[in-house]
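J.: here's a sequence, model it:
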Amino acid sequence: MNKTKVFTPSTALPISVTPKLLTCPVRGPLTAFALAADGLNASEEARRIDLIHLLIDRHYPPANIAVETIVLKNIGANGRNSVRADVVVYSQNAHDLKSLSMSDRLKHAIAVAEVKRDSKSKKSAIDHQLEPALRLLPATDALGIYWDDINQILLIKSLVETGKNHRFRLIKTI
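T.: Residues are numbered from 1 along each chain as shown. Modelled structure (predicted):
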């Protein structure tokens with residue numbers, strides 16, 4: 001295992017620190033480290049686990065949470081691309097839904113989240129990942145969550161009448 005040298009303020013001498021491997025409450029022990037390659041900031045995986053802990057603290061069952069889930073396949077040139085969500089919360093056990101088609105599985109999705117290590121790509125992540133994923137969820141009360149080192153943003157679907165039609169508007173809140 002690689003060791004990272006860290007300078008402590010009191011001594012200004014390097015000490016060796018063994019990087020800490022993460023344990024996810026949904027997936028168990030991981031091979032990902034708590035700190036990013038720079039050794040100073042939390043990794044994206046650590047932020048994802050922080051969000052999962054918050055969801056569990058808010059009484060979402062761990063069995064209903066899926067990580068790195070595809071929410072749309074076969075898009076883009078030649079259908080080779082897909083939209084993947086960092087975290088999806090379902091209304092029932094995620095394992096029980098695996099045999100369903102993607103569209104049927106999404107009918108049970110109640111929240112979708114995008115997690116970034118830091119806030120520098122916030123706008124792009126919300127505009128090009130989170131909002132499209134949230135719009136795919138059929139539930140009118142589905143939630144979108146954006147999570148990084150500074151921002152924790154909740155997107156709420158709101159049904160808006162436009163003449164004879166209805167459409168969704170996403171409302172950002174903190």
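
J.: please identify the buried residues of stretch 142-155?
T.: Under the neighbour-count criterion of 16 or more other C-beta atoms under 10 Å, stretch 142-155 has 142-148, 153, 155 buried. To be clear about C-beta, it is placed using only N, CA and C from the backbone, and glycine gets the same treatment.

J.: now that stretch: average pLDDT?
T.: Averaging pLDDT along stretch 142-155 gives 92.

J.: mind saving the C-alpha coords of it as PDB?
T.: In PDB, the C-alpha atoms belonging to stretch 142-155 read as follows (Å, rounded to 0.1, in the frame of the first residue of the first chain):
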ATOM      1  CA  ALA A 142     -38.900  12.800  -7.400                       C
ATOM      2  CA  LEU A 143     -36.000  14.600  -5.900                       C
ATOM      3  CA  GLY A 144     -32.600  15.600  -7.400                       C
ATOM      4  CA  ILE A 145     -29.600  16.000  -5.200                       C
ATOM      5  CA  TYR A 146     -26.300  17.700  -6.100                       C
ATOM      6  CA  TRP A 147     -23.500  17.300  -3.600                       C
ATOM      7  CA  ASP A 148     -19.900  18.600  -3.500                       C
ATOM      8  CA  ASP A 149     -17.400  20.000  -1.100                       C
ATOM      9  CA  ILE A 150     -19.300  23.300  -0.800                       C
ATOM     10  CA  ASN A 151     -22.800  22.800  -2.200                       C
ATOM     11  CA  GLN A 152     -25.700  20.600  -1.200                       C
ATOM     12  CA  ILE A 153     -28.600  21.500  -3.600                       C
ATOM     13  CA  LEU A 154     -32.000  19.900  -3.700                       C
ATOM     14  CA  LEU A 155     -34.000  20.000  -7.000                       C
END
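
J.: identify all contacting residues around that stretch.
T.: If you take C-beta atoms under 8 Å, 6 or more residues apart in numbering as the criterion, stretch 142-155 is touched by 41-42, 47-48, 50-51, 87, 109-119, 122, 125-126, 130-131, 133-134, 156-157, 170-174.

J.: appreciated, that's everything.
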